[in-house]
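Undergrad: Next come a sequence and a model predicted from it.
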Amino acid sequence: NYTITPAHEIGRTHAFKASRFNTRTYYFSAGSEGDMDMWSNLLNQASAQSAKLDVWLDISMNNVRLPALSIPEPDYHGYLSKLGYVHKVWRRRYCVLKDGCLYYYTDYNSKRAIGVAHFHGYRVEPMTTSGKSCTFCLTPPSPDIRTFYFSADNDTEKLKWMERLEESLGRWIKVD
């Protein structure tokens with residue numbers, strides 16, 4: 001949660017800030033004390049509402065900071081090759097699936113994830129591509145969102161990953 005408080009340190013009248021532990025602080029200045037109070041109250045209400053709605057997001061962001069083998073009760077884990085979004089290069093990563101999120105690491109000894117992908121609303125689909133075997137993709141609910149491409153070590157692992165991804169995603173409400 002962000003906390004909204006006066007920002008006397010910037011030397012402006014009617015200044016206030018939105019701060020949160022270990023993240024960026026945002027500074028604002030209103031035209032009057034009444035406007036400052038109104039904006040402070042609205043931002044506090046929005047922050048409180050956001051905190052209630054995004055508990056799973058907080059959990060997943062906490063899991064990113066955990067070592068690969070420390071995520072409690074994963075839905076599945078193991079190695080996959082992931083196609084990079086920018087450089088279009090396949091990289092082998094240790095992956096941990098938990099609650100529709102895929103955390104990816106350099107290897108299983110890594111102390112924190114390189115990244116996390118939230119697959120809520122995605123579809124798991126088999127695919128074939130020239131030059132790479134055992135591939136599948138996760139297709140987003142909208143064409144303006146990134147499609148993720150993966151390759152497993154063998155057909156058995158491919159089927160197992162696809163099955164576990166479908167199970168993990170199936171526990172979430174689908175919104176059309």
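TA: That came through fine. Residues are numbered from 1 along each chain as shown.

Undergrad: Let me see the ranges of the strands in this protein.
TA: Taking DSSP state E as the test, the strands found in the chain are 3-6, 15-19, 26-29, 76-83, 90-98, 101-105, 115-118, 123-126, 135-139, 148-151.

Undergrad: which strands and helices sit next to the third one?
TA: I take that to be strand 26-29. Counting contacts by 3 or more Cβ pairs under 8 Å, 6 or more residues apart in numbering; DSSP states H and E, strand 26-29 packs against strand 15-19. Heads up, the C-betas are built off the backbone N, CA and C, glycines and all.

Undergrad: before we move on, what about the fourth one?
TA: Secondary-structure packing of strand 76-83 (3+ Cβ pairs under 8 Å, 6+ apart): strand 90-98, strand 148-151, helix 155-170.

Undergrad: Can you list the strands that the shortest one pairs with?
TA: By that I understand strand 148-151. Strand pairing for strand 148-151, determined by DSSP bridges: strand 76-83 (antiparallel), strand 135-139 (antiparallel).

Undergrad: Adding distance to residue 110, write those strands out as a markdown table.
TA: Formatted as a markdown table, the strands paired with strand 148-151 follow (distance: least, Cβ to Cβ, whole Å):
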| stretch | distance to residue 110 |
| --- | --- |
| strand 76-83 | 12 |
| strand 135-139 | 22 |
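
Undergrad: Could I get the ones you listed in TSV, plus columns for distance to residue 150 and mean neighbour count?
TA: Rendered in TSV, the data for the strands paired with strand 148-151 read as follows (distance: least, Cβ to Cβ, whole Å; neighbours: other Cβ atoms under 10 Å):
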stretch	distance to residue 150	mean neighbour count
strand 76-83	5	18
strand 135-139	6	18
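
Undergrad: can you list these in TSV and add distance to residue 43 and mean pLDDT?
TA: TSV is the format used below for the strands paired with strand 148-151 (distance: least, Cβ to Cβ, whole Å; pLDDT from 0 to 100):
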stretch	distance to residue 43	mean pLDDT
strand 76-83	37	96
strand 135-139	35	96
